[in-house]
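Asker: Structure for the following, please:
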Amino acid sequence: MNFSGSIIFFGCRDLDSIRNFYGGFLDFDLYKDQGSCLIYKLPGGNYLGYCQHLEKKAADRSPIITLLCETQKEVDEFYHYFKNADRPTDQPPKVNEKFNLYHFFARDPEGYTLEIQCFL
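Answerer: Prediction:
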């Protein structure tokens with residue numbers, strides 16, 4: 001059995017803010033607009049969906065949507081992109097020695113945690 005990809009769905013309240021953030025700010029391609037759900041194509045061939053009919057479940061830092069970069073320089077560039085657009089981040093990028101990665105955290109408009117990282 002082979003799968004051709006995956007979609008991870010999250011509950012949301014405001015599809016317009018999702019459209020502005022993922023389609024505008026992050027420039028992800030909208031794959032499908034199903035009226036009460038928006039599905040975005042992610043780099044690497046998978047998909048991220050937000051649906052108004054699903055309950056929003058976000059607590060502290062869970063779940064985490066991780067977007068991968070190839071280099072520390074790219075992580076730094078994304079950090080400055082977020083900061084220059086007045087998008088909230090937790091702190092500047094740093095090395096996480098436990099998991100051998102370089103990253104920072106931000107929030108999407110629904111309060112879900114975004115992690116921008118590269119493996120070292």
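Asker: Helices of this structure, start to end?
Answerer: 15-18, 72-84 (DSSP state H).
Asker: So for the last one, what gets flagged as buried?
Answerer: Judged by neighbour count using 16 or more other Cβ atoms under 10 Å, the buried positions of helix 72-84 are 72, 75, 76, 78, 79, 82. Where C-beta positions appear, they are placed from N, C-alpha and C, glycine not excepted.
Asker: coming back round to it: please tabulate the helices of the chain in CSV, including the columns mean pLDDT and distance to residue 93.
Answerer: Output for those, formatted as CSV (pLDDT from 0 to 100; distance: least, Cβ to Cβ, whole Å):
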stretch, mean pLDDT, distance to residue 93
helix 15-18, 96, 25
helix 72-84, 96, 5
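Asker: I'd like those as TSV, with distance to residue 57 appended.
Answerer: Below are those laid out as TSV (distance: least, Cβ to Cβ, whole Å):
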stretch	distance to residue 57
helix 15-18	15
helix 72-84	24
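Asker: Between those helices, which one is closest to residue 54.
Answerer: helix 15-18 (11.8 Å; Cβ to Cβ).
Asker: now that closest one, how far from the centre of its chain.
Answerer: 13 Å (Cα atoms, centre = their mean, to the nearest Å).
Asker: Keeping just the C-alphas, turn that helix into CSV.
Answerer: Extracted C-alpha coordinates of helix 15-18, given in CSV (Å, rounded to 0.1, in the frame of the first residue of the first chain):
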residue,chain,number,x,y,z
LEU,A,15,-10.5,31.4,7.7
ASP,A,16,-9.7,35.0,6.5
SER,A,17,-6.8,35.2,9.0
ILE,A,18,-5.6,31.8,7.9
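Asker: which outside residues touch it?
Answerer: 12, 36, 38, 50, 52, 108, 109, 110 (Cβ atoms under 8 Å, 6 or more residues apart in numbering).
Asker: Domain map for the chain?
Answerer: Using automatic domain parsing, the domain parsing of the chain gives 1-57, 58-120.
Asker: What count of nearby residues applies to residue 116?
Answerer: The criterion is other Cβ atoms under 10 Å. On that basis, residue 116 has 24 neighbouring residues.
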